[in-house]
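Colleague: Build the 3D model from these lines:
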Amino acid sequence: NKDQLNFQEKMSGLQEKLESEQRAAEVLKSEIHDLRLLLQSSDKELASVKNQLKDDQSEHQQEASQLSNSLISTQLQLDKVQLEWEQLLEQNRTLQDSFDQLQAEAKFDADQAGQQLCDKQQEIEQLKADI
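Modeller: Sure thing, here's the model as predicted:
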């Protein structure tokens, strides 16, 4: 009888220990489940941040490319305007030279015509005097 009572006490103690270990195992399973959920959530957040970073980098690269193209286009336009300006300056110099030459020729012609007029007037005066 004593052995049976002793055996039952041991069995009861072992049963309590088993139940305690099972509760601890359930707690650990629950914690593992929670940690897995947290890890999955963290993985999703990390993937989202990586995608956002990738999108931002792509957008910045596209903006940089557009700015580069715009800069090249602006530089080409500036070069074209500068060339046109130099051509206009050359045209202006040519026109000024032509104007100066025509003005000198006109002054020469006017002086010559004035001298001829003066000569003719003297000739007329001389003819009048002779008559």
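Colleague: Could you list the low-confidence segments of the protein?
Modeller: For the chain, no stretch has pLDDT under 70.
Colleague: Now do the helices in it.
Modeller: In the chain, the segments counted as helices under DSSP state H are 2-130.
Colleague: can you give me how far stretch 37-46 is from the chain middle?
Modeller: Averaging C-alpha positions (Cα atoms, centre = their mean, to the nearest Å) puts stretch 37-46 36 Å from its chain's average.
Colleague: Using PDB, write out the CA atom coordinates for it.
Modeller: Coordinates of each C-alpha in stretch 37-46 appear next as PDB, following Å, rounded to 0.1, in the frame of the first residue of the first chain:
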ATOM      1  CA  LEU A  37       4.900  37.300 -37.100                       C
ATOM      2  CA  LEU A  38       7.200  40.200 -36.000                       C
ATOM      3  CA  LEU A  39      10.000  38.900 -38.300                       C
ATOM      4  CA  GLN A  40       7.500  38.600 -41.200                       C
ATOM      5  CA  SER A  41       6.300  42.200 -40.500                       C
ATOM      6  CA  SER A  42       9.900  43.400 -40.300                       C
ATOM      7  CA  ASP A  43      10.700  41.600 -43.600                       C
ATOM      8  CA  LYS A  44       7.700  43.300 -45.300                       C
ATOM      9  CA  GLU A  45       8.700  46.700 -43.900                       C
ATOM     10  CA  LEU A  46      12.300  46.200 -45.100                       C
END
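Colleague: for that stretch, which positions count as buried?
Modeller: Buried residues in stretch 37-46, counted by 16 or more other Cβ atoms under 10 Å: none are found. In this view, the C-beta of every residue, glycine as well, is placed from N, C-alpha and C.
Colleague: I124: neighbour count?
Modeller: As a burial measure, I124 scores 10 neighbours (other Cβ atoms under 10 Å).
Colleague: ok, now which ones touch it?
Modeller: Contact analysis of I124 by Cβ atoms under 8 Å, 6 or more residues apart in numbering lists nothing.
Colleague: Alright, that wraps it up for me.
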